[in-house]
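> Predicted model and sequence below, questions to follow.
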Amino acid sequence: GCSPQQAKRIWSSIADEMEPVQAGGKTCDMLSADLESLMAAEPEEDCFILMGAHDPYLDLKDRGVILEDTSLRRLVWRTVANPGVLLRGGRIAGIWRPKMRKECLDITITPFERLGSAGHRVVERLAEEYAAFRMLRLCKIEITEGITP
């Protein structure tokens, strides 16, 4: 929401607090104060989240950070009717779509990778929580075999 000149001026005002880092084959900047906690962080590979279609997290400029496979990106970021996404450890691991039926909700989840039995249980619980949040009964949840890259 600002001009390139203003952005450059603001960015340069904190240049002494930034440190170059390599990510995805690119050089990026990050706050030096955050580097230690980032390096100490343990990946939460089995942390699942059902995220809505237009969540700001999905507005990354470099979409390859959260979904490496370029062929699958067409399924997530569409011109119209974007699906929700299934996040696993911060990466996109599938898509999901809700469908209203009178007083209940059907949810279809299409994983891009194997979830395992524990993953299935977690994802089913998340679907139930989503339906409860919408104050609806979950009539049906379908977890398809998925799309393999």
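Received it, and whenever you're ready, just let me know what you need. Residues are numbered from 1 along each chain as shown.
> can you list the weak-confidence ranges in the chain?
43-45, 146-149 (pLDDT under 70).
> mind listing the helices for it?
Counting by DSSP state H, the segments of the chain that form helices are 4-13, 32-40, 70-76, 116-133.
> Enumerate the positions of the shortest one that are buried.
Right, helix 70-76. Neighbour-count burial for helix 70-76, counted by 16 or more other C-beta atoms under 10 Å, picks out Leu72, Leu75, Val76. (Each C-beta comes from the backbone N, C-alpha and C, glycine too.)
> and if you look at the longest one?
Residues of helix 116-133 classed as buried under the neighbour-count rule (16+ other C-beta under 10 Å) are Gly119, Val122, Val123, Leu126, Ala127, Tyr130, Ala131.
> Output these as TSV; include the columns distance to Ala40.
As requested, those are exported to TSV (distance: C-beta to C-beta, whole Å):
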residue	distance to Ala40
Gly119	26
Val122	25
Val123	29
Leu126	28
Ala127	33
Tyr130	32
Ala131	37
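> Now for Gly64: which residues touch it?
Gly24, Thr70 (C-beta atoms under 8 Å, 6 or more residues apart in numbering).
> how does it look with 6 Å?
Each residue near Gly64 by C-beta atoms under 6 Å, 6 or more residues apart in numbering is listed here: Gly24.
> just checking, what packs against the lengthiest strand in the chain?
Scanning the chain for the strand with the most residues, using DSSP state E, yields strand 91-101. Strand 91-101 sits against strand 84-88, strand 104-111, with contacts defined as 3 or more C-beta pairs under 6 Å, 6 or more residues apart in numbering; DSSP states H and E.
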